[in-house]
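# give me the fold of what follows.
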Amino acid sequence: MSAGRPFRGCACFFTDNIFVGRFGLHVRYRDGPQLRRDHGRALRERGCRSEEQFREVLREIEAEVQRRKQLIHQSVERRAIISKCYKPKHPEVYTLQDSFLAPEFLEIVRFCTSPGADLQGLLCYLESFSDKRIYRLPVFTEEFCQAFVDELENFEQSDMPKGRPNTMNNYGVLLNELGMDEPFLTPLRERFLQPITALLYPELGGACLDSHKAFVVKYSLHEDLDLSSHYDNAEVTLNVSLGKEFTEGNLYFGDFNQDPSPVPQYIEVEHVGGRGLLHRGGQIHGALPIASGERWNLIVWMRSSAIRNQLCPMCNRKPELVEAEGFGDGFTEALGGEVAQTVNLCALG
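From the prediction side, this is the model:
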């Protein structure tokens, strides 16, 4: 579907959805007057009341924009250093094996790839939450989760360079920089997750998720405690609880980003070790503070170029494509001489 087409980003990455951590607000940024005009009231309501505070916000935003502009180059550099210098503690976890996957998960995949598989049959295997199309399912074995977290801690404690997953998570690991995309994450997406998402989210390109961004986030009392309300740069998200021991820190889910209600109804969902939550990327969600211990989660943002090429989910405009590294943000452009496709490629089977 996207074979031969390089993946791209959208230019809005450098201007939109910039998180101002101290005031818990996502903003769009062009310059100071625009920021004051568009977001001044919301910032004041959150406690940004003095000119000095506003200047601090500007400095924070401008530093983030610069970080984003250097991201590709720095990520390539980090990956090269890690590949050359890092010695894994558990090298076996870097290549996906069926033995890592929970038997119940493999049974779900077998059903989804069987003749006549349909949504109603699939739902018998899943735990559903309200009408928000959020589903819980077993994914990994306990043994794999323990080995994977041990490997992540080994990397975290090393002197290797580390990139943070995003502007909202300061502690975690970008799995492409560990070299896990091709041997682990791509087969997980293509062989195991896509048959499930094809039935659950057909209108979001669930049958043709052709790229991903995957990372692990860590929450503990002295690091990141929680996660503010947001939506993902993904068509479909998988969030798997890897461990360790912790209390509280439930996820909460609100409205779908493109269909907000005047009074949002939120639901809370507990983490269960080894189990994953599948939800629409545009579902507004966050994580409540943990009360004790430490929690690691694997997050896989799955993307369909056939869907997002029409409308960028982060700026809600036709994407303005810019060069990117690896899977970029999941956009593709037509090869030379081709006319851009506007048909829904997922529906062609």
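
# ranges for the strands of the stretch 151-300 of the chain?
172-174, 211-220, 227-230, 236-243, 246-248, 251-256, 267-269, 275-280, 283-287, 290-303 (DSSP state E, counting those that start in this stretch).

# would you format those strands as CSV with mean neighbour count and mean pLDDT included?
C-beta coordinates here come from the backbone N, C-alpha and C atoms, glycine included. Shown next, in CSV, are those (neighbours: other Cβ atoms under 10 Å; pLDDT from 0 to 100):
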stretch, mean neighbour count, mean pLDDT
strand 172-174, 23, 88
strand 211-220, 22, 90
strand 227-230, 16, 69
strand 236-243, 24, 94
strand 246-248, 15, 68
strand 251-256, 19, 85
strand 267-269, 15, 90
strand 275-280, 24, 96
strand 283-287, 21, 86
strand 290-303, 21, 88
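
# so which of these gets nearest residue 116?
strand 275-280 (21.8 Å; Cβ to Cβ).

# hmm, who's touching that closest one?
Outside strand 275-280, the residues that touch it by Cβ atoms under 8 Å, 6 or more residues apart in numbering are 132-139, 196-197, 200-201, 204, 235-241, 251, 253, 256, 269, 285, 298.

# what distance do you get for the nearest residue to residue 219 once chain neighbours are set aside to residue 251?
Excluding the flanking residues, the one nearest residue 219 by Cβ to Cβ, 6 or more residues apart in numbering is residue 295, at 4.6 Å. Using Cβ to Cβ, to the nearest Å, we find residue 295 at a distance of 11 Å from residue 251.

# mutual contacts of those two, please.
Common neighbours of residue 295 and residue 251 (Cβ under 8 Å, 6+ apart) are residue 271.

# longest helix of the protein?
Longest helix in the chain by number of residues, with DSSP state H as the criterion: helix 51-85.

# next SSE after it?
Using DSSP states H and E, the helix or strand that follows helix 51-85 in sequence is helix 103-112.

# quick one: residues in contact with that following helix.
Applying Cβ under 8 Å, 6+ apart, the set of residues contacting helix 103-112 is 98, 117, 121-122, 125-126, 137-140, 191-192, 195-196, 198-199.

# filter the residues you listed down to the buried ones, PyMOL style.
The buried residues among these can be selected in PyMOL (16 or more other Cβ atoms under 10 Å) with this line:
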select buried, resi 117+122+125+126+137+138+139+140+192+195+196+198+199
